[in-house]
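Visitor: Give the three-dimensional model of this entry:
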Amino acid sequence: MKTKKFYQRALSFVIALAMIVTVFGVAAPTEVQAADKSFDGKKKTTTVTISDTESLDASAQNLQPYYIPYKAKNTGTVTLKFQSVSTLYSYSYGNVRICDKSKKPVGAMEYWNTGQTDPDFYTRTYGVKKGQTYLFYVVADGGVKITASFKAVKKVNATKKTKAKEIRKGKTMTGVIIAGDKKADWYKIKMKGNKKLKLSYTVKTNGMVKNLSTQQVGVASGIRITFYDRDGNPWTSTSYNNMTLANDKDGMDIFLRNTSTGSKHSIKDGTYYIKVEPINTSSSGQYTIKWKTY
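Guide: Numbers count the residues shown, from 1 in each chain. Here you go, the predicted structure:
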């Protein structure tokens, strides 16, 4: 019975979204950007609440789209967490998209659902730039509280291989991919003597989509980390933790949010490079890289 109710709500949600964007029949609801629906970018944690009533437009026939402003105090990441406050349903769900201040999308339209236990369904992490205003486009079916949590992350000024920033052994390098930014971050490792190297890296990004019936993961956005040997070729890996990475001519692709993984390599004396980049224009988020010998 619960499954039947979910798909009834899901069907209604799809129909409502179609009514929002259609140019025929019923007029689309007015997009809202109200003062009480703004995130306070000066705070590390700030919230916005959309009630059951507010999730619908004045005619109560369509879902009400909101543009929620966020002005970044510093460069770093903003993680959105969706929590149901509906008095009509046991959960709420909808879509979210990050846009610039002129409402131009700088991220993909993504689905969220508070009725799932996996954080991939109800959290999203985006990279933001200091002093820049973003608008989070949100459509909700049911009341929802959205918490925006900020973490300051310094942007690496190394967009070319020739300017690659060195990562020293045992040190953790934390970087950020800014929403709408196509540039890559370059790093290098200097190895003295023949050693066995272990790389560790984490990723928090936006774009994760899951099929509710099959639980299969699809990727709309993500971060690509490519490791180059001293001859300029992508490294090959002999061991992975937690997940299998795509290992092709473009290197190793890491897409999952909230993921920690790594690889082991036997390498020779020399300088090695690491390229971190968004896989498409919708990608942003945070990453960490660390290495040691064993």
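Visitor: which residues sit in contact with the closest residue to Thr174 other than its chain neighbours?
Guide: Leaving aside its sequence neighbours, Thr174 sits nearest to Thr288 (C-beta to C-beta, 6 or more residues apart in numbering; 5.0 Å). For glycine as for every other residue, the C-beta is placed from the backbone atoms N, C-alpha and C. Thr288 makes contacts with Thr172, Met173, Thr174, Gly175, Ser200, Tyr201, Thr202, as judged by C-beta atoms under 8 Å, 6 or more residues apart in numbering.
Visitor: Wait, the last one touches Gly285, no?
Guide: No. Counting by C-beta atoms under 8 Å, Thr202 stays clear of Gly285, with 10.4 Å between them.
Visitor: higher neighbour count, the two?
Guide: In this comparison of Thr202 against Gly285, neighbours counted by other C-beta atoms under 10 Å, the higher total goes to Gly285 at 27 against 19.
Visitor: Count the residues that sit near the nearest residue to that one once chain neighbours are set aside.
Guide: Leaving aside its chain neighbours, Gly285 sits nearest to Thr205 (3.1 Å; criterion: C-beta to C-beta, 6+ apart). Taking other C-beta under 10 Å as the neighbour definition, Thr205 ends up with a count of 28.
Visitor: where's the residue nearest to Thr174 relative to Gly222, distance?
Guide: Thr288 is 15 Å from Gly222, where distance means C-beta to C-beta, to the nearest Å.
Visitor: SS state for Lys73?
Guide: Recorded secondary structure, Lys73: coil (DSSP: H, G, I helix; E, B strand; the rest coil).
Visitor: So it is in contact with Gly41, correct?
Guide: Yes. Counting by C-beta under 8 Å, Gly41 is a contact partner of Lys73 at 5.2 Å.
Visitor: Mutual contacts of those two, please.
Guide: Common neighbours of Lys73 and Gly41 (criterion: C-beta under 8 Å, 6+ apart): Phe150.
Visitor: pLDDT value on Tyr187, please?
Guide: In this model, Tyr187 is scored at 95, pLDDT.
Visitor: oh sorry, the question was meant for Met243
Guide: Note for Met243: predicted pLDDT of 30.
Visitor: could you dump stretch 92-112 to PDB, C-alpha only?
Guide: This file holds the C-alpha atoms of stretch 92-112, laid out as PDB (Å, rounded to 0.1, in the frame of the first residue of the first chain):
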ATOM      1  CA  SER A  92       8.600  15.100   0.900                       C
ATOM      2  CA  TYR A  93      10.500  15.200  -2.400                       C
ATOM      3  CA  GLY A  94      11.200  17.400  -5.400                       C
ATOM      4  CA  ASN A  95      13.900  19.000  -7.600                       C
ATOM      5  CA  VAL A  96      16.800  21.300  -6.900                       C
ATOM      6  CA  ARG A  97      19.200  23.200  -9.200                       C
ATOM      7  CA  ILE A  98      22.000  25.700  -8.600                       C
ATOM      8  CA  CYS A  99      21.800  28.900 -10.800                       C
ATOM      9  CA  ASP A 100      23.700  32.200 -11.000                       C
ATOM     10  CA  LYS A 101      22.200  35.400  -9.900                       C
ATOM     11  CA  SER A 102      20.500  35.900 -13.300                       C
ATOM     12  CA  LYS A 103      18.800  32.500 -12.900                       C
ATOM     13  CA  LYS A 104      21.100  30.900 -15.500                       C
ATOM     14  CA  PRO A 105      21.700  27.200 -14.500                       C
ATOM     15  CA  VAL A 106      25.200  26.300 -13.500                       C
ATOM     16  CA  GLY A 107      24.200  22.800 -12.300                       C
ATOM     17  CA  ALA A 108      21.900  20.000 -13.400                       C
ATOM     18  CA  MET A 109      18.300  19.600 -12.300                       C
ATOM     19  CA  GLU A 110      18.500  17.000  -9.500                       C
ATOM     20  CA  TYR A 111      16.000  14.900  -7.600                       C
ATOM     21  CA  TRP A 112      15.800  14.800  -3.800                       C
END
